[in-house]
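A.B. asks: Got a sequence here, can you model it:
(one chain, ligands or ions: 2)
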Amino acid sequence: MTGGGALDAPVHEPPTTKEGWAAFVGQQPSRVELLPPAGLAALDAAGRDAYEQARLAHHARLIVVATPDGRPDRQDWPPVDGAQQRHRHRSRGLVVTGDSGTGKSTAIKQLGKHHELLARRRRAAGGPFLPVVYVTVPPAATPKVLAAEFARFLGLPLPPNLNQVNITNAVCDVLCRLGTDLVLVDEIHNLNLATRGGAESSDQFA
Ligand SMILES: Nc1ncnc2c1ncn2[C@@H]1O[C@H](COP(=O)(O)OP(=O)(O)OP(=O)(O)O)[C@@H](O)[C@H]1O
Ligand SMILES: [Mg+2]
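C.D. replies: Ligands and ions are numbered 1, 2, ... in the order given. Alright, predicted model coming up:
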């Protein structure tokens, strides 16, 4: 087999951890070079098997189509470039809505990937840097559960005696130190504003 580029190792960590998110951001579309009949005929059984496996893996990895909804330069996305500087002292939010399966998660993750790649390219300083955080809201999330999701993304240890305020403070402290300026919260409909826990969780984003 002659590959146009090695396939990335499969990503096992979910994007809701910093390791999984980094793997997602680093993912490149795979490429497989099709062999002409003579090249195929020249392969032994093991080579043919490896070639077929790589070809199947390539086709199983669906690409993300650059639809207008997912374009990172849309005017209604929050500023993710130099314009961010003008708003650095206040946070801005954007809610993405749509029917089930219409590509909301895909679009916000593409936005996050675009922002992270741009932020890393522009960063002059060294040291730890985590421009984007991606969490999903579990069903019926309380403020503590939500804070724990952020801690889980960051890999912060969660001793059982930590209360919600401790976790939230630790998370905010780490996010500030790591220069995070884009927080993606998926499945936010799981916050039920009719319950006290849901309303308090919602307040946490303020
Ligand atoms: N731009 C795209 N290119 C290729 N596939 C896409 C694109 N957008 C969405 N999909 C695919 O469509 C499916 C649904 O997308 P996604 O999970 O982002 O939708 P969603 O709106 O977040 O759904 P839900 O409401 O269930 O959370 C997924 O398999 C995803 O890979
Ligand atoms: Mg989704």
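
A.B. asks: residue ranges of the helices in the chain, please?
C.D. replies: Applying DSSP state H to the chain gives helices spanning 18-26, 37-41, 45-60, 83-86, 104-122, 143-154, 164-177, 196-204.

A.B. asks: out of the ones you listed, deepest packed?
C.D. replies: Comparing the helices of the chain by mean neighbour count (mean count of other Cβ atoms under 10 Å), helix 143-154 ranks first with a mean of 21. C-beta coordinates here come from the backbone N, C-alpha and C atoms, glycine included.

A.B. asks: How about residues contacting it?
C.D. replies: 16-18, 21, 130, 133-138, 141, 158, 163-164, 167-168, 170-171, 174-175, 197, 200-201, 203-204 (Cβ atoms under 8 Å, 6 or more residues apart in numbering).

A.B. asks: Close to ligand 2: what parts of the chain are there?
C.D. replies: 104-105 (Cβ under 5 Å from the ion).

A.B. asks: Which one of the residues in the chain is closest to ligand 2?
C.D. replies: Going by Cβ to the ion, ligand 2 is nearest to Ser105 of the chain, at 3.2 Å.

A.B. asks: ok, the closest residue to that residue other than its chain neighbours - contacts?
C.D. replies: In this structure, Ser105 finds its nearest non-sequential neighbour in Asp186, 5.4 Å apart by Cβ to Cβ, 6 or more residues apart in numbering. By Cβ under 8 Å, 6+ apart, the contact set of Asp186 is 104-105, 108, 134-137.

A.B. asks: ok, 10 Å please
C.D. replies: Contacts of Asp186 were listed using Cβ atoms under 10 Å, 6 or more residues apart in numbering, and they are 15-16, 96, 104-105, 108-109, 134-137.

A.B. asks: Among these, list the two that are farthest apart in space.
C.D. replies: In terms of Cβ to Cβ, these reach their longest pairwise distance at Thr16 and Val96, which sit 16.9 Å apart.

A.B. asks: then stretch 47-54 to CSV, C-alphas only?
C.D. replies: Written as CSV, here are the backbone C-alpha positions of stretch 47-54 (Å, rounded to 0.1, in the frame of the first residue of the first chain):
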residue,chain,number,x,y,z
GLY,A,47,0.1,-6.1,2.2
ARG,A,48,-3.3,-6.5,0.5
ASP,A,49,-5.0,-6.9,3.9
ALA,A,50,-3.3,-3.7,5.3
TYR,A,51,-4.2,-1.8,2.2
GLU,A,52,-7.9,-2.8,2.4
GLN,A,53,-8.0,-2.1,6.2
ALA,A,54,-6.6,1.4,5.6
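
A.B. asks: mean confidence score for it?
C.D. replies: Across stretch 47-54, the average pLDDT comes to 94.

A.B. asks: Can you pull out the low-pLDDT segments for the protein?
C.D. replies: For the chain, applying pLDDT under 70 flags the ranges 1-11, 70-90, 206.

A.B. asks: which parts of it sit against ligand 1?
C.D. replies: Within reach of ligand 1 by Cβ under 6 Å from any ligand atom, the chain has these residues: 62, 64-65, 67, 70, 98, 100-106.

A.B. asks: again, only this time at 5 Å
C.D. replies: By the rule Cβ under 5 Å from any ligand atom, the part of the chain lying against ligand 1 is 64-65, 67, 100-106.
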